[in-house]
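J.: build me a structure from this.
(2 chains)
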Amino acid sequence: MKKKFISFLSLLCLTFTSCFSFTGCKSDASSSDTLVVLNYGKYIEADVLKRFQEETGITVKYEEYESVEDMYAKYKAGSINYDVICTSDYMIETLGKEGELIPIDYSSLKYYKNIDPAIIEASSSFDPTHKYTIPYFYGTVGILYNTKMVDEKTVSSWNSLWDSDYSNQIVMINSQRDAFMVPLKLLGYDINTTDKAELDEAFNMLCDEKKYVYAYLMDETYECMVSEDAAMAVCYSGEAAMGMEYNEDLAYVVPEEGGNLWIDSWFVPRTCKHYDAAMKWIDFMCEEEAATANFEYVWYATPNLTVAANEDEETLADETVFPSKETLERCDIYSAYDNETLDYTTTLWKKLKAY
Amino acid sequence: MKKVKKSASFLYLGIIFLFLYAPIFVLIVLSFNNSMSRTVWGGFTLQWYFNLPTNDTIMDALWTTLRITLSSSILATILGTSAAIGINRMKKNHAAIMLGATNIPLLNADIVTGISLMLLFTRFTSLGEFSVVLAHIAFSVPYVIFNVLPKLQSMSESCFEAAMDLGATPAYAFYKVIWPEIIPGVLSGFLMAFTMSLDDFTITYFTKGAGVNTMSTMLYTELRKGIQPELYALSTLLFLLAFLMLIATNLKSFNKKEAMRV
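T.: You can find the predicted model right below:
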């Protein structure tokens, strides 16, 4: 009995160790032609991913995240060595300050010329030397409104969010940074201000607005607008485009005071183990066919100039998707807050929620 | 008075059922909705069900989930059953210590288990699908032990000894005497390990490698831009499967009782 038990145990041990050694081999053998990509959820057309693997013979381990903060936690956990990551402007700036970025070898990119120089120029707020990033998608923050309840003139200013006629019909964006951007813009201050007096003023306006607000929402905004529970909502242009697809009475505008321009870009982090493959990936994302497919799937503004050739007039004229030059000029990009300002605005934001 | 009491109790029951099943009902209705939106009814359609097999992300996640769940629950059942047999044979004190040790993963918060396993795996091996299987085995073994041990304790030691006295080898005696007694426990342990592994999110999230997605972790990343309606269809199918299994097991026990009565 005992002997059998011992042999059984050793058999178990054997299977486990063999399992371990197998996985060991796997990760070694695959290291030369794999690529670990980290991107927002649903931010790529599945066929583009498939085609990249077929054409280059590189196996892609494609990982997704839900929010920017999520991405930071995932990256900082250090349990996976990512080769190339796509994320938003101010997070890239933070990572840059922490020394986590590796320069991109632009000379190896065949399709970099497809990228709109204006957007590259705009990226200088988080990548001042233009050494680390390639823009992937961009968009704005504005007001999505129902044309049956609100007229165009009213929403041409952020002031409309303080209009008592629309009491309980306003959806405010449930994001600290974007919510503070609105009163700051209305007051004519810099959206990246670190001046506490200015932030306090903005905070007081937000408190004042709260009595008109129906709800603070983020991902549910477009659902709420589609079902006509609210008359207007502060949201991202991508969210607005999604809502307009279901309800033709909806329209989107960036008020004349301007708003926020956000840019999601690719960068190579310090953990990169497959630099050449990462370059191939970035180049592939800039290629015409891939960029078009991605655009038609994601439906955010693409910085890729070649995409325009494949789209019809109506799409190109859609200002929700492609903000006009004038709109872009009115918009600013967020820069990363220093710790003190971040703590301060977080406290204000909590106070607002409890107000 | 009696009538009021009765109707009140029915109402109470009705409210409880409403809370339990209304969300599932909404999900089932949405799976037939001919619109991507959650609030607009676009008419009846079966397209999400037909699209399901062609949706690579969902099918990929489904197969990964099934692979991980099946392999981890089978391995956990083998490990747990052998552990239960061992514990049953131990002296009282040793058994208590052993049980305490195996209970820790059960009582531990998922997030602690997840993070500590992640640290362990990144130190000694790499994260991937296999690390998830190992993690799932780690937290499902106690469930198997819990299901098998009572069965072992309730059977008499003498049967096994009698079989040995009559010339059976230990393995033969185990197979003929012990195994038939404990098999219901092993099966329910397996089912528990299976369901625990199927709907685990926290531990999977921390121990999975890049590009490995189970149903739960995929859903989490999908939240950002709205859930694909194909997922409603898949969830409906999974719910129906569980429902049918429940009916089948209940029918069986019902028939048995009827047969006994005759």
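J.: so residue A:41 is in contact with residue A:63, correct?
T.: No - assessed by C-beta atoms under 8 Å, residue A:41 is found out of contact with residue A:63, at 10.0 Å. To be clear about C-beta, it is placed using only N, CA and C from the backbone, and glycine gets the same treatment.
J.: of these two, who's got more company?
T.: Per other C-beta atoms under 10 Å in any protein chain shown, whichever of residue A:41 and residue A:63 has more neighbours is residue A:63, with 22 against 18.
J.: quick check: beta-bridge partners of the more buried one?
T.: Beta bridges link residue A:63 to residue A:38 when assigned by DSSP bridges.
J.: contact partners for it?
T.: Residues near residue A:63 by C-beta atoms under 8 Å, 6 or more residues apart in numbering or on different chains: A:36-39, A:74, A:80, A:82, B:210-211.
J.: 10 Å - rerun?
T.: The contact partners of residue A:63, by C-beta atoms under 10 Å, 6 or more residues apart in numbering or on different chains, come to A:36-39, A:71, A:74, A:80, A:82, A:85, B:208-213, B:217, B:221.
J.: now for the residue positioned nearest the centre of chain B: which residues touch it?
T.: By C-alpha atoms, centre = their mean, chain B has its centre lying nearest to residue B:195, at 1.0 Å. For residue B:195, the contacting residues are B:69, B:73, B:140, B:143, B:242, by C-beta under 10 Å, 6+ apart.
J.: any chance of the residues you listed in a markdown table, with secondary structure, pLDDT and neighbour count too?
T.: Converted to a markdown table, those look like this (DSSP: H, G, I helix; E, B strand; the rest coil; pLDDT from 0 to 100; neighbours: other C-beta atoms under 10 Å in any protein chain shown):
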| residue | secondary structure | pLDDT | neighbour count |
| --- | --- | --- | --- |
| B:69 | helix | 94 | 24 |
| B:73 | helix | 95 | 27 |
| B:140 | helix | 93 | 29 |
| B:143 | helix | 93 | 25 |
| B:242 | helix | 85 | 11 |
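J.: check whether stretch A:221-235 contacts chain B.
T.: Yes - using C-beta under 10 Å from any C-beta of the partner chain, stretch A:221-235 reaches chain B at A:222-229.
J.: ok, so of the residues you listed, who is nearest residue A:57?
T.: Ranked by distance to residue A:57 (C-beta to C-beta), these are led by residue A:222 at 39.7 Å.
J.: surely that closest one is in contact with residue A:250?
T.: Yes - using C-beta atoms under 10 Å, residue A:222 is in contact with residue A:250, at 8.5 Å.
J.: what touches both of those two?
T.: Taking C-beta under 10 Å, 6+ apart as the contact rule, residue A:222 and residue A:250 both touch A:144, A:233, A:240-244.
J.: among these, which two are most distant?
T.: Maximum pairwise distance among those (C-beta to C-beta): 13.2 Å, between A:233 and A:241.
J.: those two: who's more crowded?
T.: residue A:233 (29 against 21).
J.: packing partners for the strand or helix carrying residue A:341?
T.: Following DSSP states H and E, one finds residue A:341 within helix A:339-354. In terms of contacts (3 or more C-beta pairs under 10 Å, 6 or more residues apart in numbering or on different chains; DSSP states H and E), helix A:339-354 is packed against helix A:176-187, helix A:196-209.
J.: now for these, which one comes closest to chain B?
T.: Chain B lies closest to helix A:176-187 among the helices and strands packed on helix A:339-354, at 15.4 Å (C-beta to the nearest C-beta).
J.: one step back: take the shared contacts of residue A:222 and residue A:250 and keep only those in helices.
T.: Counting by DSSP state H, these place A:240-244 in helices.
J.: the longest strand along chain A to helix A:176-187, inter-axis angle?
T.: As assigned by DSSP state E, the longest strand anywhere in chain A is strand A:133-146. Here the directions of strand A:133-146 and helix A:176-187 differ by 70 degrees (axes from the mean of the first three to the mean of the last three C-alpha atoms, to 10 degrees).
J.: what comes up buried for strand A:133-146?
T.: Buried residues in strand A:133-146, counted by 16 or more other C-beta atoms under 10 Å in any protein chain shown: A:133-146.
J.: can I get the residues you listed in CSV with pLDDT?
T.: Listed next are those as CSV, based on pLDDT from 0 to 100:
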residue, pLDDT
A:133, 95
A:134, 94
A:135, 95
A:136, 95
A:137, 94
A:138, 94
A:139, 91
A:140, 92
A:141, 92
A:142, 92
A:143, 93
A:144, 93
A:145, 93
A:146, 92
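J.: quick one on the thing from earlier: among the ones in helices among the shared contacts of residue A:222 and residue A:250, which one has the most neighbours?
T.: Counting neighbours by other C-beta under 10 Å, residue A:240 leads these with 27 neighbours.
J.: tell me if the helix or strand bottoming out on mean pLDDT in chain B is near chain A.
T.: The helix or strand of chain B with the lowest confidence, counting by mean pLDDT, DSSP states H and E, is helix B:229-261 at a mean of 82. No - Helix B:229-261 does not reach chain A (C-beta under 10 Å from any C-beta); its nearest approach is 12.2 Å.
J.: can you give me how far that helix is from the chain middle?
T.: Put simply, helix B:229-261 sits 15 Å off its chain's centre (C-alpha atoms, centre = their mean, to the nearest Å).
J.: list the buried ones in that helix?
T.: Within helix B:229-261, the residues that count as buried by 16+ other C-beta under 10 Å are B:229-236.
J.: nearest to residue B:92 among these?
T.: Checking the buried residues of helix B:229-261 against residue B:92 by C-beta to C-beta gives residue B:235 as the nearest, at 46.6 Å.
J.: ok, now which ones touch the closest residue to the closest one other than its chain neighbours?
T.: Leaving aside its sequence neighbours, residue B:235 sits nearest to residue B:27 (C-beta to C-beta, 6 or more residues apart in numbering or on different chains; 5.8 Å). Residues in contact with residue B:27 (C-beta under 10 Å, 6+ apart) are B:231-233, B:235-236, B:239.
J.: could I get the residues you listed in JSON lines, plus columns for distance to residue B:78?
T.: Output for the contacts of residue B:27, formatted as JSON lines (distance: C-beta to C-beta, whole Å):
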{"residue": "B:231", "distance to residue B:78": "33"}
{"residue": "B:232", "distance to residue B:78": "36"}
{"residue": "B:233", "distance to residue B:78": "35"}
{"residue": "B:235", "distance to residue B:78": "30"}
{"residue": "B:236", "distance to residue B:78": "33"}
{"residue": "B:239", "distance to residue B:78": "30"}
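J.: just curious, which of the residues you listed is nearest to chain A?
T.: Using C-beta to the nearest C-beta, residue B:231 comes nearest to chain A of the contacts of residue B:27, at 12.2 Å.
J.: CA atoms only for the host helix or strand of residue B:189, dumped as CSV, please.
T.: Per DSSP H and E: residue B:189 is located in helix B:179-198. Provided in CSV are the C-alpha atoms of helix B:179-198 (Å, rounded to 0.1, in the frame of the first residue of the first chain):
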residue,chain,number,x,y,z
TRP,B,179,-14.8,4.2,-5.0
PRO,B,180,-18.6,3.3,-5.4
GLU,B,181,-19.2,4.8,-2.0
ILE,B,182,-17.4,8.1,-2.6
ILE,B,183,-18.3,8.7,-6.3
PRO,B,184,-21.3,11.0,-5.5
GLY,B,185,-18.9,13.2,-3.4
VAL,B,186,-16.3,13.2,-6.1
LEU,B,187,-18.8,14.2,-8.7
SER,B,188,-20.3,17.0,-6.6
GLY,B,189,-16.7,18.1,-5.8
PHE,B,190,-15.9,18.2,-9.5
LEU,B,191,-19.0,20.2,-10.3
MET,B,192,-18.2,22.7,-7.6
ALA,B,193,-14.6,23.1,-8.8
PHE,B,194,-16.0,23.4,-12.3
THR,B,195,-18.4,26.2,-11.5
MET,B,196,-15.9,28.0,-9.2
SER,B,197,-13.3,28.0,-12.0
LEU,B,198,-15.9,29.0,-14.7
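J.: quick check: angle from it to helix B:229-261?
T.: Interaxial angle of helix B:179-198 relative to helix B:229-261 (the same axes, to 10 degrees): 160 degrees.
J.: quick check: residues of the stretch 1-150 of chain B near chain A?
T.: Residues of the stretch 1-150 of chain B found near chain A (C-beta under 10 Å from any C-beta) are B:35-40, B:42, B:55-57, B:60, B:75, B:78-79, B:82, B:85-86, B:89, B:115, B:118-119, B:121-131, B:133-134, B:137.
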